[in-house]
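Colleague: compute the structure for the input listed below.
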Amino acid sequence: MQQLPYYPFPVRSGPVRRKLTYDVVVYTEDGHYFAEDNNGHIFCQDSPTACIQEAINYVLSKPTDGRAYIRAGDYYLAPLNTQNCGYADICAIIPYNEALIVEGDGDATRIHLPQNNLSQQAWLFSWVWNGTASYTRKSKLRNIAFINDVNTGSNAMNVLVTSSSTNNSSGLEVDGVSVYDIQGTALNFTFWINNLYDVTFSRYRFFSVNSNTPNTAVLFDSMALGKIVDSFMYTVNGGSSAVNNGAGSILVDSVEIYGPWSYAFNFGNTDSASHIDVTNSIIGILRTGSEGIQGLNNTAYGPSYLVNNSGNGTVRFTITSSQLSTPVSYVMGTNTTATSYIIVRGNLVSVDCINHVIGVVSPGSGYVYMDVTGNMLAMRFGSGTCGGPLMNLMWGLNYSSGGVPASSNTYSMFIRVRNNVILHNGNPPMLIWNPLPGQIIDIEDNVIYTNYMVNQLIQVGNNTSGGLVKFINNTVYWNGTPSSLTSYYLVYQPWTGSGPYYIPNVIVKGNTFNFPTSNAAFGGFVGNASVAPANPSALFVDLDNTFNLSGVNLPYPSVTTPSVPSSGTAQSNTYPYPVEVYVSGGSATAVQVTRGGVTYTVWSSSTATAIPPLLVRLEPGDSITITYSTAPSWTWVPAKYIQ
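Modeller: The predicted structure follows:
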């Protein structure tokens, strides 16, 4: 189409013509849209797609690369009333031996996502690769702002969906692209990247102030291998997940995720090779007033949970060298059967007043392996008590509800928490909340600073027995002192119903407990509100623990001396701590101790004679057997706990 005389076209002048290094320039002039090739030929005027579709068609008709440049301005497209290509408005079929490049002038080039009148979500762009080639080239979408402020239909109008008609295609770069979600129908799969590898999102900015909350900022799917770097994703009012992995290997580096997303990262129906690896990133923020984003009070910190498994797929997730205001939490559906692997190392985690710092939510039957090593883990430390326990493992029941204990389900889970500095300021009295049957919780070599209100190391009370908690080689400091005399317990059963209530197998070994300097007393290894645990012998306390009570003597636990059983009958130590048995007198031939299935003779005589004063130490589960004609006397006392 020739230039019409009644439209001035500054791009035709000499100075501007020298900038036409692109195959096509799309531009706006006084509310009209035009497309001009690099020979000065205007071949599109005021099409329904603001001449963007015609520009893409033109450059893809060339035998080599195609480059379309969209100049600064606002571009409004006609409503999408019919399906053009896979529920998209602007279509591109890209041969494998070509690369489509569409770019603009950054945020000065503003494409307003059009009204979607279709029966399902749609996209502005659909890019499809096809054909064969010795190698595939890299297409690019860059330096354009997409505005969601027009569509008010029943379904979302998103930005870009990709696919390939033959083999997976290499090469897509989304660089310097902004998405501004202002108003109208919520964005769903804003970018849905299918059937590609070597995909890079760089300098990507997702900014939502829409009261209709978005679903996801970017979704990789169907074997996409990609990365997101130097990018920013923010929502004011919420949303599902910032980054969604349908199936692929995703690298996230130097990315900021802010605002109350439900999840920072989501795994859909992934395969066994899919993973998300995060490094050098910031997740969550606390800024208010003039320091807040656009002056908003960003007190929601960040996403509610770190990782979600919305499908029943394998989860492989790592995060390192990052700063999180979101807890180290994994949400899996109750029907999830796939295995999950989560590694959290070398991060600064500082959460606000929320219900946990570490946790697995709604666990299914799939095995969960979580390793939390070498981090700084903090909950509002130094700012007054608030929030929940360090580890909240009683899902489906809030720690403060006072309701029925956890169900009798068995959960396959291993959580290792090692070599961390933990600054815990939670409001409830426990550090670890209700480990469940089937869970193995390994807490070793940590330095833990907690407030004086936490007077229970582990709070328990399951309907069935099972599970294992290892609390080994940790140093615990209580900051501050209670206002009145407070008893401190290692394990506590808080429930007051009829029970029975069980504790997991607990190993407490090699720790140093530095209790408050006043108003502190050691209540015992196992305490209870009214109903004692049904299996107190499940607790094993090693003798290498150190209890620093600032001059308060460690009280001895209560021991009752049983009757001497009949000759040759074993008497077990059923207490969860060692005892000393003082034996003397009678007329006997042997005193034996059984430990670990092996029987040892500690005293014997070839003829029946009185037992000289004898001290026998019984660890939990050990037994003593006396062979006699006349019963001796004995006394049981608790063993003294020293370093």
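
Colleague: who does the residue nearest to Val59 when sequence neighbours are not counted bridge with?
Modeller: Excluding the flanking residues, the one nearest Val59 by CB to CB, 6 or more residues apart in numbering is Gly66, at 2.6 Å. Every C-beta, even on glycine, is put in place using the N, C-alpha and C of the backbone. Beta-bridge pairing for Gly66 (DSSP bridges): Leu100.

Colleague: how close does Gly66 sit to Tyr22?
Modeller: With distances taken as CB to CB, to the nearest Å, Gly66 is found 9 Å from Tyr22.

Colleague: with neighbour numbers in mind, choose between these two.
Modeller: Between Gly66 and Tyr22, Gly66 has the larger neighbour count (other CB atoms under 10 Å), namely 24 against 20.

Colleague: next structured bit after the lowest-mean-pLDDT helix or strand in the chain?
Modeller: Taking mean pLDDT, DSSP states H and E as the measure, helix 14-17 is the helix or strand of the chain with the lowest mean score, a mean of 36. Following helix 14-17 in sequence order, the next helix or strand is strand 24-29 (DSSP states H and E).

Colleague: contact partners of that next one?
Modeller: The set of residues external to strand 24-29 that reach it, using CB atoms under 8 Å, 6 or more residues apart in numbering, is 7-11, 33-38, 44, 50-52, 55, 58-59, 66-71, 73-75.

Colleague: buried ones in that strand, by neighbour count?
Modeller: Neighbour counts over strand 24-29 (16 or more other CB atoms under 10 Å) mark Val24, Val25, Val26, Tyr27, Thr28 as buried.

Colleague: over to stretch 624-634?
Modeller: By neighbour count with 16+ other CB under 10 Å, stretch 624-634 contains the buried residues Ile624, Thr625, Ile626, Thr627, Tyr628, Ala631, Pro632, Trp634.

Colleague: now stretch 425-440
Modeller: Along stretch 425-440, these residues count as buried under the neighbour rule (16+ other CB under 10 Å): 425-440.

Colleague: picking up where we left off before, quick check on the contacts of strand 24-29: which are buried?
Modeller: Among the contacts of strand 24-29, those buried by neighbour count (16+ other CB under 10 Å) are 11, 33-37, 44, 50-52, 55, 58-59, 66-71, 73, 75.

Colleague: next one: whatever helix or strand Asn266 lives in to chain centre, how far?
Modeller: For Asn266, the element it lies in under DSSP H and E is strand 261-267. In this view, strand 261-267 has its centroid 8 Å away from the chain centroid, taken as CA atoms, centre = their mean, to the nearest Å.

Colleague: may I have the strands that pair with whatever helix or strand comes next after that strand, each with its orientation?
Modeller: Moving toward the C-terminus from strand 261-267, the next helix or strand (DSSP H and E) is strand 275-279. Looking at strand 275-279 with DSSP bridges, its partner strands are strand 248-258 (parallel), strand 315-320 (parallel).

Colleague: next one: the nearest residue to Ala273 once chain neighbours are set aside from Lys227, what distance?
Modeller: Counting by CB to CB, 6+ apart, Ser249 is the residue found nearest to Ala273 once chain neighbours are left out, at 6.9 Å. As defined by CB to CB, Ser249 lies at a distance of 9 Å from Lys227.

Colleague: again, but for Val372
Modeller: 25 Å.

Colleague: what about Gln83, which SS state?
Modeller: For Gln83, the assignment made with DSSP: H, G, I helix; E, B strand; the rest coil gives coil.

Colleague: I'd assumed Gln120 was in contact with it.
Modeller: No: assessed by CB atoms under 8 Å, Gln83 is found out of contact with Gln120, at 9.2 Å.

Colleague: show me the helices in this structure, by range?
Modeller: Here the chain has its helices, by DSSP state H, at 14-17, 52-60.

Colleague: so which of the buried ones among the contacts of strand 24-29 are in strands?
Modeller: Among the buried ones among the contacts of strand 24-29, the residues falling in strands (DSSP state E) are 33-37, 44, 66-70, 73, 75.

Colleague: and which of those residues is nearest Thr213?
Modeller: Proximity of those to Thr213 (CB to CB) peaks at Tyr75, which lies at 25.7 Å.

Colleague: now distance to Arg203 too, for the buried residues of strand 24-29, in TSV please.
Modeller: TSV is the format used below for the buried residues of strand 24-29 (distance: CB to CB, whole Å):
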residue	distance to Arg203
Val24	24
Val25	23
Val26	22
Tyr27	24
Thr28	24
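
Colleague: nearest to Arg137 among those residues?
Modeller: Val24 (18.2 Å).

Colleague: in space, what's closest to that closest one - neighbours in sequence excluded?
Modeller: Spatial nearest neighbour of Val24, chain neighbours left out: Ala55 (4.2 Å); criterion: CB to CB, 6+ apart.

Colleague: how near is the one you found to Val26?
Modeller: For Ala55, the distance to Val26 equals 5 Å [CB to CB].

Colleague: what residues do those two have in common as contacts?
Modeller: Contact criterion CB under 8 Å, 6+ apart; residues shared by Ala55 and Val26: Ala35, Cys44, Ala68, Ile70.

Colleague: wait, the third one sits on Ile56?
Modeller: This means Ala68. Yes: counting by CB under 8 Å, Ile56 is a contact partner of Ala68 at 5.9 Å.

Colleague: anything in contact with each of the two?
Modeller: Counting by CB under 8 Å, 6+ apart, the contacts common to Ala68 and Ile56 are Leu100, Val102.
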